[in-house]
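Student: just need the structure, nothing else, for what follows:
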Amino acid sequence: MTEFIEDDHISVDCVIFGFDFENLNVLLVERTLFDDNNEVVFSDLTLTGNHIYRHEDLDDAAKRILFNLTGLENIYMEQFHTFYHPDRLKAKNDVLWIESIGKNPDSRVITTSYFSMLDKNKIKLVKKDRNVAWYPVNEVKELAYDHKLILDKALDSLRLKLAHEPIAFELLPTKFSISQLQRVYEVIMNDKYDRRNFRRKALRMKYLIELKERQTDVKHIPAKLYMFSKDVYDVVKSDYINSLI
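Tutor: A predicted model of the protein is given here:
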């Protein structure tokens, strides 16, 4: 029988990005500490994370955290950095919180971080003992622990990955238009691109398959639809155009 014993020195933090064609969002957890009179001592936000169990490897811990919050399996995730500064949990509120949950604030915790991407409109968040909600990335100014540093590093890693691999297709429906593909890049990169130039570069991708279909139920002229072929990409990935942006 597996014992679910936490390792007090190793954790996993997950930066869960949610895309909705308007904003790039991040999933954050409310952290509120009450005193003995049930008065609020402080309230702030954290990323989603947890200590690993002693029987788990890092990937399994990340999958568990993601499943507990979203109810989904096989979510795209990417390990991007390990954070190990000895003072990463030493801010006043962090010490108070750690003491309140019965852990030693002097214990050093090393965390390995993952980022994931979801179409946030397709999932229902699983709320347990703490509130979780989506926040536009551009509006997040402060987080508990060193989580703002982790979020910034995750965003850099996501943008670098987007520029070199076709991860944008993780956020699109099976059939999509070039305009939808462009919007993914614009929202994540926080930039605007020339429509004709982007379209020209996109159509050079051999794994972007044109379908004999057009959009339906749209007010504008229906656009052509395309699909991403992973099989073709696996063959020609050395030729990936990393200059769409």
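Student: low-confidence ranges in the chain?
Tutor: 1-3, 126-129, 238-245 (pLDDT under 70).
Student: the helices in it, which residues?
Tutor: With helices called from DSSP state H, the chain shows them at 58-70, 92-100, 147-164, 178-189, 195-202, 230-236.
Student: can I see the domain layout of the chain?
Tutor: According to automatic domain parsing, the chain comprises the domains 6-164, 167-239.
Student: for residue 46, find the nearest of the helices of the chain.
Tutor: Closest approach to residue 46 among the helices of the chain (CB to CB): helix 147-164, 5.5 Å. Any C-beta I mention is one placed from the backbone N, CA and C, and that applies to glycine too.
Student: what packs against that closest one?
Tutor: Other helices and strands packing on helix 147-164, by 3 or more CB pairs under 8 Å, 6 or more residues apart in numbering; DSSP states H and E, are strand 6-19, strand 77-83, strand 110-119, helix 178-189.
Student: relative to the third one, what are the paired strands and their orientations?
Tutor: The reference is to strand 110-119. The sheet places strand 110-119 alongside strand 6-19 (parallel), strand 77-83 (antiparallel), with pairing taken from DSSP bridges.
Student: so can I have JSON lines of these showing mean neighbour count?
Tutor: Below are the strands paired with strand 110-119 laid out as JSON lines (neighbours: other CB atoms under 10 Å):
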{"stretch": "strand 6-19", "mean neighbour count": "20"}
{"stretch": "strand 77-83", "mean neighbour count": "16"}
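Student: make a markdown table from the ones you listed and add distance to residue 89 to it.
Tutor: Listed next are those as a markdown table, based on distance: least, CB to CB, whole Å:
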| stretch | distance to residue 89 |
| --- | --- |
| strand 6-19 | 10 |
| strand 77-83 | 10 |
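Student: most neighbours per residue, which of the domains of the chain?
Tutor: Neighbour counts (mean count of other CB atoms under 10 Å) averaged over each of these peak at domain 6-164, with a mean of 16.
Student: and that one, end to end?
Tutor: For domain 6-164, the first-to-last residue distance is 36 Å (CA to CA, to the nearest Å).
Student: and it, how far out from the chain's middle?
Tutor: 10 Å (CA atoms, centre = their mean, to the nearest Å).
Student: got it, and stretch 219-229?
Tutor: 26 Å.
Student: who's in contact with residue 96?
Tutor: Neighbouring residues of residue 96 by CB atoms under 8 Å, 6 or more residues apart in numbering: 33, 41, 42.
Student: I misspoke; the intended subject was residue 49.
Tutor: Going by CB under 8 Å, 6+ apart, residue 49 touches 11, 12, 13, 14, 65, 111.
Student: wait, isn't the fifth one in contact with residue 12?
Tutor: Same thing as residue 65. Yes: between residue 65 and residue 12 there is a contact under CB atoms under 8 Å: 6.3 Å.
Student: find the residues that touch each one of these two.
Tutor: Residues touching both residue 65 and residue 12 (CB under 8 Å, 6+ apart): 49, 50.
Student: and stretch 101-117, end to end?
Tutor: This stretch, stretch 101-117, spans 30 Å end to end (CA to CA).
Student: most distant residue from the centre of the chain?
Tutor: residue 37 (36.8 Å; CA atoms, centre = their mean).
Student: distance check, it against residue 96.
Tutor: As defined by CB to CB, to the nearest Å, residue 37 lies at a distance of 16 Å from residue 96.
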